[in-house]
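1. Coordinates only, no sequence provided:
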Ligand SMILES: Cc1cc2nc3c(=O)[nH]c(=O)nc-3n(C[C@H](O)[C@H](O)[C@H](O)COP(=O)(O)O)c2cc1C
Ligand SMILES: Nc1ncnc2c1ncn2[C@@H]1O[C@H](COP(=O)(O)OP(=O)(O)OP(=O)(O)O)[C@@H](O)[C@H]1O
Ligand SMILES: [Mg+2]
């Protein structure tokens, strides 16, 4: 059987292990369920293409190896006549549609096309024909893979069947290693820079594969297998005209500039030492300045203990109310380094080994990296993206809208910040900058309090705050995005008191 032979005769030991495990899962499924009661969910995508050929190999191994009288393998064995469901949609790329139909014909799949959404389509299917298990090309890292195992019952609210995920633990690299080693056909879109395919409305070629050559016509892309960081496979699946952030952000995953023109961030610092008073938190102050500099508003800075629940509670709260959450500290090999576990808990996922990150670690710390058991390579499953930049020794970790900054001092923070600004897909958009005006006064806070309260009501778009610099000196700050409004508010304050009561100061 050509697939089995290509993998076994190849030199890729890692692929061989992945292949053996996937085929084992397939054979177990064929042993557990009647062949007529299992189905294959095929949509012409790369993952389901891999699964198709694994099913062919698994079926061949499951059935034994009968040969034709002339010694060659019979077609009925090389094909896997499995019931195959395809949810056809008018939003699908025509290339995906035609590849699905052609492939089904070439490999003798029993194709059943469904024209409704997944859930109602499956409900109708199960009513019509008993279906106990469905093979899917879901992989860890897919948004819907969170919490799934190789055999996972369908979710509550879905019709009852077993989801069988033979390639759940395959990485992007494994998928392409298999396709290239076995030299199987795949949908032509992958040669045009598409790395993960959704609908025509939400998928574009992956910008990371763009050939930025002045001689080249615009819009030329390298093939999908050239993408070096598989974590960015979904980078082409952004909503057009929007910056996609995450599925749990308050605005349903899409960051849009709010009416006041603000994006908000909060900062969570993990550090017992700061709470003991033996160390000082300089990083959050520096980050506040950076965010302010690009027009973002920091709504909260919290210092929490090195404790999973403390981190989880804070992150859970902040990720819902902010566009981005930055986390410092508690990241490393020590027992007290619980930040990633806290983030995982906040999102309700577990920590799982991340091959890509492990490779970076191995490169960085060499023989001190203990391989599979290296706990630093455990990252929140299904929600993690590695933010790789040539100036960084290790990629930064992003879990949906939470970015973990591994900086230990302000200098490292500066570098990481510059890298973040250069990376694609980080919604750190430069907004209209803040403008501010500061007035110093010898009037007491009691004397100015009432006027300032009135101004706050009159100028809700301007932040007006009073800081006591000493018993006899107050500093009144006006911060906002519209200089005219700031000048108006400051002028209104000055006019409410005798001339010379306020003088402008520069607060850098
Ligand atoms: C055969 C099949 C079974 C599915 N079963 C479930 C399920 O049990 N629970 C669930 O939440 N989603 C289920 N889904 C939906 C997928 O999780 C996911 O939303 C879908 O594959 C779209 O993925 P995409 O958003 O990456 O394109 C199923 C989809 C298919 C095709
Ligand atoms: N329209 C569909 N019809 C049938 N199965 C589908 C459909 N969409 C998704 N699936 C199933 O869900 C799996 C995961 O979908 P996903 O889009 O992540 O992978 P893919 O389409 O195979 O590859 P890619 O990530 O490159 O798009 C598919 O492999 C397939 O088993
Ligand atoms: Mg797809």
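-> Received the coordinates, thanks. What you see is a predicted model; the values in this text were computed from it and never measured. Ligands and ions are numbered 1, 2, ... in the order given.

2. What segments of the stretch 1-150 of the chain are strands?
-> 38-41, 83-87, 110-114, 133-135 (DSSP state E, counting those that start in this stretch).

3. Point out the residues in the chain that sit beside ligand 2.
-> Selection of the chain residues close to ligand 2 by Cβ under 6 Å from any ligand atom yields 41-43, 45-48, 85-87, 136-138, 142, 196-197. C-betas here are computed from N, CA, C, even on glycine.

4. re the thing from before, and the strands of the stretch 1-150 of the chain as TSV, adding distance to residue 320, mean neighbour count and mean pLDDT?
-> Formatted as TSV, the strands of the stretch 1-150 of the chain follow (distance: least, Cβ to Cβ, whole Å; neighbours: other Cβ atoms under 10 Å; pLDDT from 0 to 100):
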stretch	distance to residue 320	mean neighbour count	mean pLDDT
strand 38-41	32	22	98
strand 83-87	32	21	97
strand 110-114	35	15	95
strand 133-135	33	23	98
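
5. can you put those in a markdown table and add distance to residue 494?
-> Formatted as a markdown table, those follow (distance: least, Cβ to Cβ, whole Å):
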| stretch | distance to residue 494 |
| --- | --- |
| strand 38-41 | 70 |
| strand 83-87 | 66 |
| strand 110-114 | 70 |
| strand 133-135 | 72 |
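
6. And the residue lying closest to residue 29 once chain neighbours are set aside, its phi and psi?
-> Spatial nearest neighbour of residue 29, excluding adjacent residues (Cβ to Cβ, 6 or more residues apart in numbering): residue 164 at 4.9 Å. The phi/psi pair for residue 164 (degrees, to the nearest 10) reads phi -110, psi 120.

7. where's residue 164 relative to ligand 1, distance?
-> Using Cβ to the nearest ligand atom, to the nearest Å, residue 164 is found at 10 Å from ligand 1.

8. Cross the residues of the chain next to ligand 2 against helices and list the overlap.
-> 46, 47, 48 (DSSP state H).

9. Could you pull out the helices in the stretch 251-400 of the chain for me?
-> 272-276, 283-293, 308-321, 339-347, 355-365 (DSSP state H, counting those that start in this stretch).

10. re the thing from before, out of the residues of the chain next to ligand 2, give me the two with the largest separation.
-> 85 and 196 (20.3 Å; Cβ to Cβ).

11. How about the secondary structure of residue 163?
-> strand (DSSP: H, G, I helix; E, B strand; the rest coil).

12. Show me what it is bridged to.
-> For residue 163, the beta-bridge partners under DSSP bridges are residue 134, residue 152.

13. Next, count neighbours for residue 491.
-> Counted with other Cβ atoms under 10 Å, residues neighbouring residue 491 total 11.

14. Poorly predicted segments of the protein, please.
-> For the chain, applying pLDDT under 70 flags the ranges 65-77, 212-219, 238-262, 367-376, 508.

15. interface residues of it facing ligand 3?
-> 45, 197 (Cβ under 5 Å from the ion).

16. Hmm, residue 284 is touching residue 271, no?
-> No - in terms of Cβ atoms under 8 Å, residue 284 does not count as a neighbour of residue 271; the distance is 10.3 Å.

17. Can you pull the residues that touch both of those two?
-> Taking Cβ atoms under 8 Å, 6 or more residues apart in numbering as the contact rule, residue 284 and residue 271 both touch residue 328.

18. with the residues of the chain next to ligand 2 in mind, which one is nearest to residue 431?
-> Using Cβ to Cβ, the residues of the chain next to ligand 2 come closest to residue 431 at residue 196, 29.4 Å.

19. wait, what's in contact with that closest one?
-> 45, 46, 203, 233, 234, 236, 237.

20. hmm, try it at 10 Å
-> 45-47, 141-142, 172, 190, 203, 206, 224, 227, 232-237 (Cβ atoms under 10 Å, 6 or more residues apart in numbering).

21. Mind checking which of those are in helices?
-> Going by DSSP H, the helices hold 46, 47, 172 from the contacts of residue 196.

22. From those, keep the buried residues only.
-> Among the ones in helices among the contacts of residue 196, those buried by neighbour count (16 or more other Cβ atoms under 10 Å) are 46, 47, 172.

23. What residues does the first one make contact with?
-> The contact partners of residue 46, by Cβ under 10 Å, 6+ apart, come to 137, 172, 175-176, 178-179, 186-187, 189-190, 194-197, 224-225, 233.

24. Could I get the phi/psi values of the closest residue to ligand 2 within the chain?
-> Closest residue of the chain to ligand 2, Cβ to the nearest ligand atom: residue 45 (2.0 Å). Note on residue 45: backbone dihedrals following degrees, to the nearest 10 are phi -70, psi 170.

25. Tell me if I'm right that it and residue 103 touch.
-> No - in this structure residue 45 lies outside contact range of residue 103 using Cβ atoms under 10 Å: 11.1 Å.

26. who touches both of the two?
-> Joint contacts of residue 45 and residue 103 (Cβ under 10 Å, 6+ apart) are 186, 187.

27. How many residues are close by residue 16?
-> Using other Cβ under 10 Å, residue 16 is surrounded by 15 other residues.

28. Ok, residue 178 next?
-> 26.

29. how close does it sit to residue 237?
-> 22 Å (Cβ to Cβ, to the nearest Å).

30. from what I can see, residue 471 looks like it's in a helix, true?
-> No - if the criterion is three-state DSSP, then residue 471 is coil and not within a helix.

31. What is the neighbour count of it?
-> So residue 471, with other Cβ under 10 Å, has 7 neighbours.

32. What does it show for phi and psi?
-> phi -60, psi -30.

33. what do you get for the one 10 residues further on?
-> Recorded main-chain torsions at residue 481 are phi -110, psi -10, according to degrees, to the nearest 10.

34. Now it: closest residue in space, sequence neighbours ignored.
-> The nearest residue in space to residue 481 (Cβ to Cβ, 6+ apart) is residue 432, at 4.9 Å.

35. Quick check, that neighbour in contact with residue 263.
-> No - the criterion here is Cβ under 10 Å, and residue 432 misses it with residue 263 at 11.0 Å.

36. show me the biggest helix of this structure in terms of residues.
-> Max-length helix for the chain by DSSP H is helix 13-32.

37. Can you name the residues bridging to residue 86?
-> Beta-bridge pairing of residue 86 under DSSP bridges involves residue 113.

38. Tell me the residues of this structure that contact ligand 1?
-> 41, 118, 134, 136, 142, 143, 144, 154, 155, 158, 163, 198.

39. Good, wrapping up.
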